[in-house]
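Colleague: have a look at this prediction, sequence included:
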Amino acid sequence: DAEPRYLVSVRPARVSNNKKSCSGRTKTQKPLQLVVGTLTPTSVFLSWGILVNPQHDWTSTSNCASDRFYTVRYREKGKDKKWVFQLCPVTETVVDNLKPNTLYEFGVKDNVDDSIWSKTFNHKTVLSSKY
């Protein structure tokens, strides 16, 4: 690759001042469930979590959301297209500067050891500015 790109994550060091530590993480990794919604012809809204009951019950990935970061990836549909990565401290984000009337692939993963990417979600941006 002539122009490699790197994703770097920086977190502040923990200060031990008798604060309660987070213990809400589990060792078994489940892929996150991703939802994509149209905002404008050039932007989409992404939201994710762990789907507990497929009927209606969503939950966040842990009780310690402030300790977590997520990586979102997206690209135009096609194996020759390059992924764009975005680091997120919360379980939702807006992706903008997309091309109207274009099919994109989206994915998300938790930034913990051995995490796995969500199922790739295909979404087509709209043509007109009805939204």
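Modeller: Received, thanks. Numbering: from 1, shown residues only.

Colleague: residue 41 reaches residue 102, doesn't it?
Modeller: No: in this structure, residue 41 is not within contact of residue 102 by CB atoms under 8 Å, at 9.4 Å. To be clear about C-beta, it is placed using only N, CA and C from the backbone, and glycine gets the same treatment.

Colleague: overlap in contacts of these two?
Modeller: Jointly contacting residue 41 and residue 102 under the rule CB atoms under 8 Å, 6 or more residues apart in numbering are residue 125.

Colleague: tell me where this structure has strands.
Modeller: 33-40, 43-53, 57-59, 70-76, 84-88, 92-95, 103-110, 121-124 (DSSP state E).

Colleague: same list, these, but as CSV with distance to residue 12 please.
Modeller: Shown next, in CSV, are the strands of the chain (distance: least, CB to CB, whole Å):
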stretch, distance to residue 12
strand 33-40, 28
strand 43-53, 24
strand 57-59, 27
strand 70-76, 18
strand 84-88, 15
strand 92-95, 21
strand 103-110, 19
strand 121-124, 32
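
Colleague: dump those strands into CSV; add mean pLDDT and mean neighbour count as well.
Modeller: Formatted as CSV, these follow (pLDDT from 0 to 100; neighbours: other CB atoms under 10 Å):
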stretch, mean pLDDT, mean neighbour count
strand 33-40, 93, 16
strand 43-53, 83, 17
strand 57-59, 50, 12
strand 70-76, 96, 19
strand 84-88, 94, 15
strand 92-95, 95, 16
strand 103-110, 95, 20
strand 121-124, 95, 15
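
Colleague: find the nearest non-adjacent residue to residue 43, please.
Modeller: In this structure, residue 43 finds its nearest non-sequential neighbour in residue 96, 3.9 Å apart by CB to CB, 6 or more residues apart in numbering.

Colleague: so what does the one you found look like in phi/psi?
Modeller: phi -120, psi -170 (degrees, to the nearest 10).

Colleague: could you report the neighbour count for it?
Modeller: 10 (other CB atoms under 10 Å).

Colleague: residue 128 now?
Modeller: Residues lying near residue 128 (other CB under 10 Å) number 8.
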